[in-house]
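> Show me the folded form of this:
(one chain, ligands or ions: 1)
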Amino acid sequence: APAPPPARHLFSDPAEVEALRRDLLAWYDRCKRDLPWRALAATEPDADRRGYAVWVSEIMLQQTQVATVIDYYNRWMQKWPTLQALARASLEVSVAGSGSSPCPVPLSNTRPCLSEQEVNELWAGLGYYSRGKRLQEAARKVVSELAGHMPRTAEDLQKLLPGVGRYTAGAIASISYGQATGVVDGNVIRVLCRLRCIGADASSPAVIDQLWDMANVLVDRSRPGDFNQALMELGATVCVPKAPLCGECPVKQHCQAWRRKLFGKPPPVPDVEDCGVGDCPLCPPATEPWDSSLGVTNFPRKAAKKPPRAMRTATCVLERGGGHGAPEYLIVQRPSSGLLAGLWEFPSLPLAQDLQEEKEKEEFAHHLQAWIGQPVAAKGLQFMGEVIHIFSHIHQTYVVYSLHLDGDVTLDPALSPSRWVTEDEFHASAVSTAMKKV
Ligand code: SF4
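Below you'll find the predicted structure:
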């Protein structure tokens, strides 16, 4: 078995663990933000609804800021206040639709499944759209296979609910059901790496394992949900990535990075001299030692990030005169998996790299022809400009064209769902932020 990491990187003194819990919880009680899911978790007597309320918040908070989530969360909980409400919406559609499966079959080939469309519309703007769909699928599973009861432990939540990983399971179990289990998210990683001067690549499995062990040691046994939220809150509001507010930090007395910044060298505890000079698995690599100009932000360290992939996509705002004279625009639905799954967009085509402009237009005209079932001349496409949108891993450039169609256009029902919408309907549809920019 590998040797345990040096004590400097651990919480091995029970008295210090007690003191840290006490200091952190006292700060949380004084300073915590008032958030709708916290109010529900604290006051909701129905255990299943409590778990559901926390679950929805945790899924929405993945990759998204608290301030953005609040409004979406309130609207979601108003529309689907219980697991049963979320699952029932799908089942009603299934009865009205083909009935062969709970929801995924569209009511007609020009309109998507009603509840899926509603989920997408409510989710539009939050990003990472598959999260909403997975939540809906998991709700169906709880209602149909678990008699509507949420699993009560982190282990069962992770095992039984699709889309629920180790972090989300720990958060639901500790906050809703009081299980003394730790959580590790981006905020917790930063706080723990600083508290214990962990400078090895914080995304490596060995470091992540250590952090989970540490979170499980630290979590307060009588208030696990509050403790976990306090640790995350500390990372979100005090121990922030670039300019942490160490002077106001409730746990600075327990923070090795802060002490090291003050004293300019590792704190004088017995085995520290052995740490960092040899092959300590948790210290910064010898090639990138402590940089005193960075202070506590020496921690955590990350492996170099891959640059985002560059993509170019042609997109066309196809317009026709609508019934009452107002122009209408063609939107089509994206495939049900992958980037922006299930969302609506103007007809678009990813472009090959290094294609000449004329060739690009020809290919795109050919693609549009398939949607509207009539010839489209490349020279009829009017270039409007380019729109850049950055996804987390893709640097997307939309090459925007417009085309006005005279006369009626019959959409081919054999193709993916497509429909004509007015400008107002476009904005109310489940379209991505990128398409709104277009
Ligand atoms: Fe973070 Fe500074 Fe507090 Fe340490 S003292 S936990 S670095 S805010």
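> Going by C-alpha atoms from here, please, whenever you check contacts or count neighbours.
OK.
> Select the helix or strand of this protein having the lowest average pLDDT value.
helix 83-96 (a mean of 63; mean pLDDT, DSSP states H and E).
> looking at it, residue 221 is touching residue 215, isn't it?
No - with contact defined as Cα atoms under 8 Å, residue 221 does not reach residue 215; the gap is 11.9 Å.
> and the two? which has more neighbours close in?
residue 215 (21 against 16; other Cα atoms under 10 Å).
> Could I get the phi/psi values of that one?
Dihedral angles of residue 215 (phi, psi; degrees, to the nearest 10) stand at phi -60, psi -40.
> mind checking how far it is from residue 238?
Here the distance between residue 215 and residue 238 works out to 18 Å (Cα to Cα, to the nearest Å).
> Repeat that for residue 223.
With Cα to Cα as the criterion, residue 223 and residue 238 are 21 Å apart.
> rewinding a little: mind checking what helix or strand follows the least confident helix or strand of the chain in sequence?
For helix 83-96, the succeeding helix or strand toward the C-terminus, using DSSP states H and E, is helix 114-123.
> burial of residue 218, as a residue count?
Neighbour number of residue 218 under other Cα under 10 Å is 23.
> List the residues that contact it.
11, 17, 21, 182 (Cα atoms under 8 Å, 6 or more residues apart in numbering).
> Kindly reformat those residues as a markdown table and extend each row with pLDDT, neighbour count and secondary structure.
Formatted as a markdown table, those follow (pLDDT from 0 to 100; neighbours: other Cα atoms under 10 Å; DSSP: H, G, I helix; E, B strand; the rest coil):
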| residue | pLDDT | neighbour count | secondary structure |
| --- | --- | --- | --- |
| 11 | 93 | 17 | coil |
| 17 | 97 | 17 | helix |
| 21 | 98 | 20 | helix |
| 182 | 98 | 27 | coil |
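> If you count neighbours, what's buried in stretch 222-241?
With burial defined by 16 or more other Cα atoms under 10 Å, the residues of stretch 222-241 counted as buried are 223-236, 238-241.
> what about this structure, any weak spots by pLDDT?
Within the chain, the stretches with pLDDT under 70 are 1-4, 89-116, 264-278, 413.
> got the residue ranges for the strands in it?
Taking DSSP state E as the test, the strands found in the chain are 309-321, 327-333, 344-345, 348-351, 382-390, 394-405, 418-421.
> closest one to the ligand among these?
Smallest distance to the ligand across the strands of the chain (Cα to the nearest ligand atom): 29.9 Å, for strand 382-390.
> Which strands or helices does the closest one pack on?
When contacts are defined as 3 or more Cα pairs under 8 Å, 6 or more residues apart in numbering; DSSP states H and E, strand 382-390 sits against strand 394-405.
> could you give the angle of the strand it packs on to strand 327-333?
140 degrees (axes from the mean of the first three to the mean of the last three Cα atoms, to 10 degrees).
> Return the set of residues that bridge with residue 321.
Applying DSSP bridges to residue 321 gives these bridge partners: residue 327.
> ok now do it, which residues does it touch?
327, 328, 405, 406.
> hang on, the earlier thing: just the strands of the chain: most buried one?
Each of those was scored by mean neighbour count; the highest is strand 344-345, a mean of 25, by mean count of other Cα atoms under 10 Å.
> Packing partners of that strand?
Judged by 3+ Cα pairs under 8 Å, 6+ apart, strand 344-345 is in contact with strand 327-333.
> Next, the residues that contact the strand it packs on from outside, please.
Against strand 327-333 from outside (Cα under 8 Å, 6+ apart): 317-322, 342-347, 416-423, 426.
> Next: stretch 279-296.
Stretch 279-296 has contacts (Cα under 8 Å, 6+ apart) with 5-6, 9, 194, 197-201, 207, 257-258, 260-261, 264, 275-277, 298, 301.
> Show the contacting residues for the residue nearest to residue 149 when sequence neighbours are not counted.
Excluding its sequence neighbours, the residue lying closest to residue 149 (Cα to Cα, 6 or more residues apart in numbering) is residue 48, at 5.8 Å. Contact partners of residue 48, counting by Cα under 8 Å, 6+ apart, are 148, 149, 150.
> Could you export these as JSON lines, including neighbour count and distance to the ligand?
Formatted as JSON lines, those follow (neighbours: other Cα atoms under 10 Å; distance: Cα to the nearest ligand atom, whole Å):
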{"residue": "148", "neighbour count": "18", "distance to the ligand": "40"}
{"residue": "149", "neighbour count": "17", "distance to the ligand": "38"}
{"residue": "150", "neighbour count": "23", "distance to the ligand": "34"}
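> Could you single out the nearest of these to residue 130?
residue 150 (21.2 Å; Cα to Cα).
> Find the nearest non-adjacent residue to the closest one, please.
Leaving out its chain neighbours, the residue that sits closest to residue 150 by Cα to Cα, 6+ apart is residue 48, at 5.4 Å.
> Around the ligand, which positions in this structure sit nearby?
Contact residues (Cα under 6 Å from any ligand atom) of the chain with the ligand: 191, 194-195, 238-239, 244-246, 249, 251-252, 255, 257-258, 296.
> Name the member of those residues that has the highest neighbour count.
Highest neighbour count within the residues of the chain next to the ligand, by other Cα under 10 Å: residue 296, with 28 neighbours.
> Name the residues of stretch 337-356 that are buried.
By 16+ other Cα under 10 Å, the buried positions in stretch 337-356 come out as 340, 341, 342, 343, 344, 345, 346, 347, 348, 349, 350, 351.
> Widest-spaced pair of the residues you listed?
Spatial extent of the buried residues of stretch 337-356 (Cα to Cα) is set by the pair 342 and 351 at 20.6 Å.
> Report the separation between the residue in the stretch 251-400 of the chain that the ligand sits nearest to and residue 258.
Proximity of the stretch 251-400 of the chain to the ligand (Cα to the nearest ligand atom) peaks at residue 252, 3.8 Å away. The gap separating residue 252 from residue 258 is 7 Å, by Cα to Cα.
> Touching both of these two, which residues are there?
When contacts are counted by Cα under 8 Å, 6+ apart, residue 252 and residue 258 are jointly contacted by residue 246.
> Excluding chain neighbours, give the residue nearest to residue 360 in space.
residue 351 (7.1 Å).
> residues touching that neighbour, list them.
By Cα under 8 Å, 6+ apart, residue 351 lies in contact with 311, 312, 313, 314, 360.
> got the CA coordinates for stretch 70-80 in CSV?
Taking C-alpha atoms only, stretch 70-80 is exported to CSV below (Å, rounded to 0.1, in the frame of the first residue of the first chain):
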residue,chain,number,x,y,z
ILE,A,70,-32.6,31.5,-8.6
ASP,A,71,-35.1,32.7,-11.1
TYR,A,72,-35.0,29.5,-13.1
TYR,A,73,-35.4,27.5,-9.9
ASN,A,74,-38.4,29.4,-8.7
ARG,A,75,-40.2,29.0,-12.0
TRP,A,76,-39.4,25.3,-12.2
MET,A,77,-40.6,24.6,-8.6
GLN,A,78,-43.8,26.6,-9.4
LYS,A,79,-44.5,24.5,-12.5
TRP,A,80,-43.4,21.1,-11.2
